[in-house]
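Trainee: Sequence first, then the predicted structure:
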Amino acid sequence: MKRLRILTWHVHGNYLYSLSHLPHDFVIPVLPDNRPGYSDLGDKLAWGDNIRMVAAGQICRETFDVIIYQSRQSYETDSLQLLTLAQRRLPAVYIEHNPPEPHPTDTPHFFHHRNGVLVHVTQYNALMWDAGTMPVAVIAHGVPETPNVLYSGELARGIVVINNLASRGRRVGADIYEWARASMPLELIGMGSENMKGGCGEVDNMRVPEYICRYRFFFTPIRYASLGLSLVEAMMAGMPVVGIAATELPYVIQNGVNGYVDHRPSALLDVCNKLLKDPGLARQWGQAARRTAQERFGMERYVDDWQQLLYNLVGVHNHV
């Protein structure tokens, strides 16, 4: 099979890391000021040699087979400044990482490309966005297993992993986190987490699974956001998940099997206290969570899904 040359942007580091497991060559544009979407790769993730950084102003000199957009800014504005007309006409993918805003059902998606496909990371997101006439595909997350990292749960506390929770407010459950933390042992990691009680600061990407697997359970207070990669990483390490039954999570968590989800915070508190008192039950749910993650979010499935989509896209539109 042809090895493709793909342009994309450094928007979500962990997601880009998973995407770079595809057997293709990736180019990301960078700028000296490391602004969002144009930062260098850094050393927080174990990047392979198939991903290369190119000065944004030189992207127009590169040859690509596919363009993968991951932000509205890069698609609507930056592409006009960085790409040639021929490059903008190449087969294109837009990866939509989030559910729609401001309205959950009546928000039209802005991606319109005659040689493109809109890719959602969850079935829920695909259901809620109004894609119009654009072809739509769903490719669920793929998360590499972290070698030699497995759940121990020796810390009788829950862990929350959300970046900038304090400034993002009710949508990602800042109020629920504060309420829950006042009622049970609960800690928070992520960018800006030190701005909230129980915040332990940011943990390097590659160390997150090792850090969180010591906690008794993974807690998610999120009302409205996509399925987080950190949650999948927790499941992959064998952690049980407890959280608000919103968006994609009820499709992933089966109550009393691999975790517990509910619309009632009080019911979640009861379950968390049960897990704190019963490490054996937490381990049992965590083992089931690991099996779910391996079946649903393994890298082999993820790579196969992307391979099929990309080759179909290039095969259909390679006359452009």
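Mentor: Thanks, I have it.

Trainee: Excluding sequence neighbours, find me the nearest residue to the residue most central in space within the chain.
Mentor: A centroid search over the chain (C-alpha atoms, centre = their mean) returns L229, at 4.1 Å, as the residue closest to the centre. Among residues not flanking L229 along the chain, N14 sits closest, at 4.9 Å (C-beta to C-beta, 6 or more residues apart in numbering). All C-beta spots, glycine's among them, are computed from the backbone N, C-alpha and C.

Trainee: Helix, strand, or coil at the one you found?
Mentor: Secondary structure state of N14, per DSSP: H, G, I helix; E, B strand; the rest coil, is helix.

Trainee: quick one on the thing from earlier: so what's the residue nearest to the centre of the chain up against?
Mentor: L229 makes contact with 12, 14-15, 18, 141, 143 under the criterion C-beta atoms under 8 Å, 6 or more residues apart in numbering.

Trainee: correct me, but the residue nearest to L229 touches W47?
Mentor: No: assessed by C-beta atoms under 8 Å, N14 is found out of contact with W47, at 11.8 Å.

Trainee: These two - which one has more neighbours?
Mentor: N14 (20 against 17; other C-beta atoms under 10 Å).

Trainee: Any figure for the gap between the more buried one and G315?
Mentor: From N14 across to G315, the span is 29 Å (C-beta to C-beta, to the nearest Å).

Trainee: Can you give me the separation between A126 and N98?
Mentor: A126 is 12 Å from N98, by C-beta to C-beta.

Trainee: Same drill for these two, tell me which one is more crowded.
Mentor: A126 (17 against 14).

Trainee: how about E295, secondary structure?
Mentor: helix.

Trainee: Report how many residues lie close to it.
Mentor: 9.

Trainee: got it, and R5?
Mentor: So R5, with other C-beta under 10 Å, has 15 neighbours.

Trainee: That one pairs with what?
Mentor: D25 (DSSP bridges).

Trainee: Model confidence at it, what's the number?
Mentor: Reading off the confidence values, R5 has pLDDT 98.

Trainee: ok, it to V136 distance?
Mentor: 25 Å.

Trainee: where do the strands sit along the stretch 51-200 of the chain?
Mentor: 51-55, 66-69, 92-96, 116-120, 136-138, 155-161, 186-189 (DSSP state E, counting those that start in this stretch).
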